[in-house]
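Participant: Sharing a model prediction with you, sequence too.
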Amino acid sequence: MRESSSTILRDMMAVDTKLSPLSKKVHLSMDEPSLADNLGDVDRLRRFLERELGSRVSIPLSQMQLIPYRIREGNWKVTVTVGMASSGWDVIDVEAGHTGDSLYGLAVDVGTTTVVVYLVDLATGRTVDTAAGYNGQVSYGEDILTRIYLAGEEGGC
């Protein structure tokens with residue numbers, strides 16, 4: 001096992017890349033129901049989202065139950081967090097009003113000896129914070145070849 005005075009590399013190298021997160025926030029200003037357009041709240045939200053995103057949107061029951069309250073609380077303006085799914089987008093959260101663009105994600109680098117986690121602002125691509133620690137598998141061997149060898153032994157890792 002390594003001594004506690006060792007240092008884990010947490011610095012990163014800047015790489016020019018296009019940020020393409022699997023989730024995003026969408027601000028919607030919806031029309032109130034009328035005699036000419038009397039869709040229910042969930043269907044109304046889905047229609048506006050599908051127009052905005054250009055693909056199918058799935059809304060789980062847990063969010064369907066909140067939508068009427070959030071829509072009215074925000075006076076027909078909502079911020080919807082969606083996540084990319086195999087057949088379109090899934091609604092993750094619905095907030096009343098236009099709540100801003102702050103949306104964060106994690107980038108995890110699982111190495112053979114260390115695990116580094118980066119908190120990333122998905123709107124800007126800026127790394128907000130970093131945390132690192134030793135990979136728990138280090139106790140079975142400091143390098144991957146030792147771990148593979150030990151896993152093949154009777155009673156392995």
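Facilitator: Nice, I can see it. Residues are numbered from 1 along each chain as shown.

Participant: so Asp101 sits right up against Thr124, yeah?
Facilitator: No. In this structure, Asp101 sits apart from Thr124 without contact. The criterion is CB atoms under 8 Å, and the distance is 9.1 Å. From N, CA and C alone the C-beta is placed, and that goes for glycine too.

Participant: domain assignment for the chain?
Facilitator: The domain map for the chain lists 23-96, 104-152, with the assignment taken from automatic domain parsing.

Participant: okay, how far is it across the longest one, tip to tip?
Facilitator: Which is domain 23-96. From the first residue to the last, domain 23-96 extends over 18 Å; the measure is CA to CA, to the nearest Å.

Participant: what's the distance between that domain and the middle of its chain?
Facilitator: On the basis of CA atoms, centre = their mean, to the nearest Å, domain 23-96 is displaced by 18 Å from the centre of the chain it belongs to.

Participant: Show me the beta-bridge partners of the residue nearest the centre of the chain.
Facilitator: With distances taken as CA atoms, centre = their mean, the residue of the chain nearest its centroid is Gly105 (4.9 Å). According to DSSP bridges, Val120 are recorded as the beta-bridge partners of Gly105.

Participant: Report the separation between it and Val82.
Facilitator: Between Gly105 and Val82 the computed distance is 13 Å (CB to CB, to the nearest Å).

Participant: Give the intersection of the neighbour lists for those two.
Facilitator: By the contact definition CB atoms under 8 Å, 6 or more residues apart in numbering, Gly105 and Val82 are jointly contacted by Ser23.

Participant: Give me the distance between Ile59 and Gly40.
Facilitator: Between Ile59 and Gly40 the computed distance is 12 Å (CB to CB).

Participant: Can you tell me the closest non-neighbouring residue to Ser102?
Facilitator: The shortest distance from Ser102 to any non-neighbouring residue, by CB to CB, 6 or more residues apart in numbering, is to Ala123 (6.9 Å).
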